[in-house]
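> please work out how this folds:
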Amino acid sequence: MIYRLDELSENSINPVTGREYDGSWIILILTDSRDYRYMCGGNNGCAYTIKLSKALCGDWRMSVGDFIGFNTAREKNMILVMTEDELKSAERGYSGHSFNEPELRRGEPTVLVHSTTKDGWRSIERDGMLKSWNRLKYENKISEEEPIGSKLGDPPDFRDYIMFGGGATGEIVVNSKQSGKIVMDDSAEYVTGARLYFDADKMARDGLLIRDGCHIKAEGALPLEPYMIWAATWESVGLEGEISTPKIFSSYADRRFTDLTGIVI
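You can find the predicted model right below:
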């Protein structure tokens with residue numbers, strides 16, 4: 001179900017039901033902030049919330065449409081915090097599109113990046129594919145009780161997906177996983193793993209690319225062949241050792257990828 005509100009107080013009480021939120025609820029808030037394009041998480045016991053800035057996200061209508069389409073397919077209850085005119089504008093702008101449409105849109109990245117630990121990369125190489133946290137847990141290939149993203153408030157169903165990101169974001173996740181806590185400092189030292197580059201166009205054409213309104217991801221598992229273009233490790237990018245920082249490793253890797261392929265990340 002979809003519920004539209006003009007405003008929302010971020011606390012544990014659901015304004016639709018008058019009770020505390022359960023896991024079936026997710027929220028999208030449209031803002032005019034210039035501090036972020038997207039901001040995700042849960043505050044004060046509120047359901048998982050995506051904040052989307054109209055000011056900095058030119059394709060906000062597509063994000064709203066993807067959010068609605070993706071969560072409708074998963075039978076989620078949605079609260080949309082925006083005006084009625086904004087919702088109608090998003091619906092018009094999204095006409096003819098879907099969250100898993102089999103082609104890249106203008107402005108979408110042609111290359112997607114997934115970062116993993118050193119041990120994770122060994123396992124990925126052996127399997128010949130990326131796997132979601134839930135898939136790895138089912139196969140008894142990980143011992144952790146929950147992924148590091150749970151500390152950021154990620155809902156349990158995120159564990160069904162393989163996430164992609166750009167810049168130092170993925171390396172920050174790897175560092176946080178190693179540290180057992182969220183470490184947002186991109187200059188903090190960590191043990192580098194592998195930074196994997198994937199062909200987003202091939203993924204989209206084969207129906208493997210999913211958009212949820214904030215993230216681009218794949219469900220369940222993703223074969224390395226034919227989608228992975230290159231794997232960056234500290235040796236292949238020219239670092240002196242495996243200890244680096246998210247900022248340095250990601251920038252070295254992206255530059256080396258561009259040198260090899262001519263594709264600017």
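> show me the contacts for the closest residue to residue 101 other than its chain neighbours.
For residue 101, ignoring the flanking residues on the chain, the nearest one in space by Cβ to Cβ, 6 or more residues apart in numbering is residue 204 at 7.5 Å. Any C-beta I mention is one placed from the backbone N, CA and C, and that applies to glycine too. By Cβ atoms under 8 Å, 6 or more residues apart in numbering, the contact set of residue 204 is 101-104.
> try 6 Å this time
For residue 204, the contacting residues are 102-104, by Cβ atoms under 6 Å, 6 or more residues apart in numbering.
> secondary structure, pLDDT and distance to residue 56 for those - can I get that in a markdown table?
Listed next are the contacts of residue 204 as a markdown table, based on DSSP: H, G, I helix; E, B strand; the rest coil; pLDDT from 0 to 100; distance: Cβ to Cβ, whole Å:
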| residue | secondary structure | pLDDT | distance to residue 56 |
| --- | --- | --- | --- |
| 102 | coil | 97 | 28 |
| 103 | coil | 96 | 25 |
| 104 | coil | 97 | 21 |
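> ok, so of the residues you listed, who is nearest residue 111?
Ranked by distance to residue 111 (Cβ to Cβ), these are led by residue 104 at 10.6 Å.
> check the gap between that closest one and residue 85 for me.
29 Å (Cβ to Cβ, to the nearest Å).
> neighbour count winner among these two?
Taking other Cβ atoms under 10 Å, residue 104 and residue 85 do not tie; residue 104 has more neighbours (16 against 8).
> how much space between that one and residue 114?
On the measure of Cβ to Cβ, residue 104 and residue 114 end up 17 Å apart.
> just residue 108 next, same as before
Counting by Cβ to Cβ - residue 108 and residue 114 are separated by 16 Å.
> compare these two (neighbour count), which wins?
Using other Cβ under 10 Å as the criterion, residue 108 and residue 114 rank with residue 114 on top: 23 against 16.
> ok, now which ones touch the closest residue to that one other than its chain neighbours?
Nearest residue to residue 114, sequence neighbours excluded (Cβ to Cβ, 6+ apart): residue 196, at 4.8 Å. Counting by Cβ under 6 Å, 6+ apart, residue 196 touches 114, 228, 231.
> let's go with 8 Å and repeat that
113-116, 121, 124, 130, 228, 230-232.
> hmm, residue 21 is touching residue 44, no?
No - shown here, residue 21 and residue 44 do not form a contact pair, counting by Cβ atoms under 8 Å, at 10.8 Å.
> what is in contact with these two at once?
With Cβ under 8 Å, 6+ apart as the test, residue 21 and residue 44 both reach residue 12.
> the more surrounded of those two?
Taking neighbours as other Cβ under 10 Å, residue 21 and residue 44 compare with residue 21 leading, 21 against 9.
> centroid residue for the protein?
Against the mean C-alpha coordinate of the chain, by Cα atoms, centre = their mean, the closest residue is residue 215 at 3.7 Å.
> who's in contact with residue 44?
Neighbouring residues of residue 44 by Cβ under 8 Å, 6+ apart: 10-12.
> do residue 247 as well
Here residue 247 is in contact with 168, 171, 186-187 (Cβ under 8 Å, 6+ apart).
> burial count for the residue nearest to residue 20 when sequence neighbours are not counted?
Distances taken as Cβ to Cβ, 6+ apart place residue 12 nearest to residue 20, at 5.0 Å, with adjacent residues excluded. Neighbour count for residue 12, taken as other Cβ under 10 Å: 13.
> what do you get for residue 226?
Count around residue 226 with other Cβ under 10 Å applied: 10.
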